[in-house]
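Q: coordinates only, no sequence provided:
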Ligand SMILES: [Ca+2]
Ligand SMILES: [Ca+2]
Ligand SMILES: [Ca+2]
């Protein structure tokens, strides 16, 4: 798109411009936050876990205490994610000391993390997953696992998926798989999925920073998981104009980074999830009484024009039962 056309579009559509401005602001904040995080990492990292607030009664931290694995999915912030990024912003109380969020990137990117205790499945929601926070939902699929062999590691068989509102949506693909390929001289990332489809990621924002640096020498990366329905649609009838809006009625509950839906807690800026919603690979209830580990994975494979990839950002998770009841 040339500069003249972009200028014309801005002058005619103030709404679109304001949304774009918001997006750019969010990205600026992200960049500043990354710099702050890098500058403060050395001094903070040593004390991160030991400084975590503990619930006085239980002696446990309500928050995530360990990240086991973090993989950024192809997205516009790739060059901002340090090669040694461990997803440590997901640990501890969110947003304290200038701490930022964890960006999972485009479809497939994920974080695997754990609590220092077993989160009980009691009546109602058990786990809070903190949002970016922002205003635009970018749904992530949540999985849980119990430490059945008590070795402190998420190695206890298959993950159980939290069954969200789009679990049976006709566009949801379970057991989805994508291989992304390192850009050639053209600079664009190509992909192939296990449904016989292939394509190219066409960034419209931050193209020069699009996304391979975080994968080092790898020539391809593969992700497996659940592909959710597209979250946005272009409501404009004019091919020169894009007006991306959320698809109505989707993502009502059961996902990370969804704002103002049925399980969003505005005080905590978190989605409240129930361990009872966990299902096995066949969709049957997992009947879990407790969990120790969670995995959150970017669930949308959509490049929504100038919005670019729909990518989940999250700021940690908590055992709701160990939080101060007055806080939510
Ligand atoms: Ca429950
Ligand atoms: Ca284990
Ligand atoms: Ca977001």
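A: Here it is on my side, so go on. A quick note: this is a predicted structure, and the numbers were derived from the prediction, not measured. Ligands and ions are numbered 1, 2, ... in the order given.
Q: contacts, neighbours, all on C-alpha from now
A: Noted.
Q: and residue 107, helix, strand or coil?
A: Classification of residue 107 using DSSP: H, G, I helix; E, B strand; the rest coil returns coil.
Q: show me what from the stretch 1-150 of the chain comes close to ligand 2.
A: Residues of the stretch 1-150 of the chain lying close to ligand 2 (C-alpha under 5 Å from the ion) are 147, 149.
Q: enumerate the residues of the stretch 1-150 of the chain near ligand 1.
A: Checking the stretch 1-150 of the chain against ligand 1 by C-alpha under 5 Å from the ion, the hits are 121-125.
Q: just name the closest of those residues to ligand 2, please.
A: Proximity of these to ligand 2 (C-alpha to the ion) peaks at residue 121, which lies at 18.1 Å.
Q: count the neighbours of the closest one for me.
A: Neighbourhood size, residue 121 [other C-alpha atoms under 10 Å]: 18.
Q: distance of residue 79 from ligand 2?
A: 33 Å (C-alpha to the ion, to the nearest Å).
Q: go ahead and confirm that residue touches residue 214.
A: Yes: counting by C-alpha atoms under 8 Å, residue 79 touches residue 214, with 6.7 Å between them.
Q: more neighbours: which of those two?
A: Higher neighbour count among residue 79 and residue 214: residue 214, with 20 against 15, using other C-alpha under 10 Å.
Q: that's a helix at the more buried one, yeah?
A: Yes: counting by three-state DSSP, residue 214 falls inside a helix.
Q: not counting sequence-adjacent ones, nearest residue to it?
A: Closest residue to residue 214 apart from its sequence neighbours, by C-alpha to C-alpha, 6 or more residues apart in numbering: residue 83 at 5.2 Å.
Q: how far away is residue 272 from residue 190?
A: Distance of residue 272 to residue 190, computed by C-alpha to C-alpha, to the nearest Å: 36 Å.
Q: and these two? Which one has more around it.
A: Between residue 272 and residue 190, counting by other C-alpha under 10 Å, residue 272 is the more crowded of the two (25 against 17).
Q: and the residue of the stretch 151-300 of the chain found nearest ligand 1, how many neighbours?
A: Of all residues in the stretch 151-300 of the chain, residue 274 sits closest to ligand 1, at 4.4 Å by C-alpha to the ion. Residues near residue 274, counting by other C-alpha under 10 Å, number 18.
Q: spit out the contact partners of it.
A: With contact set as C-alpha atoms under 8 Å, 6 or more residues apart in numbering, residue 274 has these partners: 121, 124-127, 162.
Q: flag the shaky bits of the stretch 51-200 of the chain, pLDDT-wise.
A: 51-52, 186 (pLDDT under 70).
Q: so where do the strands sit in it?
A: Counting by DSSP state E, counting those that start in this stretch, the stretch 51-200 of the chain has strands at residues 66-71, 102-103, 110-120, 127-130, 140-145, 160-162, 173-181, 190-193, 198-200.
Q: the stretch 201-328 of the chain too?
A: Using DSSP E, counting those that start in this stretch, the strands of the stretch 201-328 of the chain run over 220-227, 232-234, 244-246, 264-265, 270-273, 278-279, 290-298, 313-314, 317-319.
Q: what about the third one, average pLDDT?
A: Along strand 244-246, the predicted local confidence has a mean pLDDT of 93.
Q: swap in the fourth one?
A: Average pLDDT, strand 264-265: 98.
Q: neighbouring strands - and their directions - for it?
A: strand 270-273 (antiparallel) (DSSP bridges).
Q: which other residues reach the partner strand?
A: For strand 270-273, using C-alpha under 8 Å, 6+ apart, the contacting residues are 125-131, 162, 254-259, 263-265.
Q: and it, which residues are buried?
A: Applying a neighbour-count criterion of 16 or more other C-alpha atoms under 10 Å, one finds 270-273 buried in strand 270-273.
Q: of those, list those near ligand 2.
A: Contacts with ligand 2 are made by none of the buried residues of strand 270-273, judged by C-alpha under 5 Å from the ion.
Q: which residue comes closest to the one residue in the stretch 1-150 of the chain that gets nearest to ligand 2 once chain neighbours are left out?
A: Taking C-alpha to the ion as the measure, the point where the stretch 1-150 of the chain comes nearest ligand 2 is residue 147, at 4.2 Å. Leaving aside its sequence neighbours, residue 147 sits nearest to residue 292 (C-alpha to C-alpha, 6+ apart; 5.8 Å).
Q: noted, bye for now.
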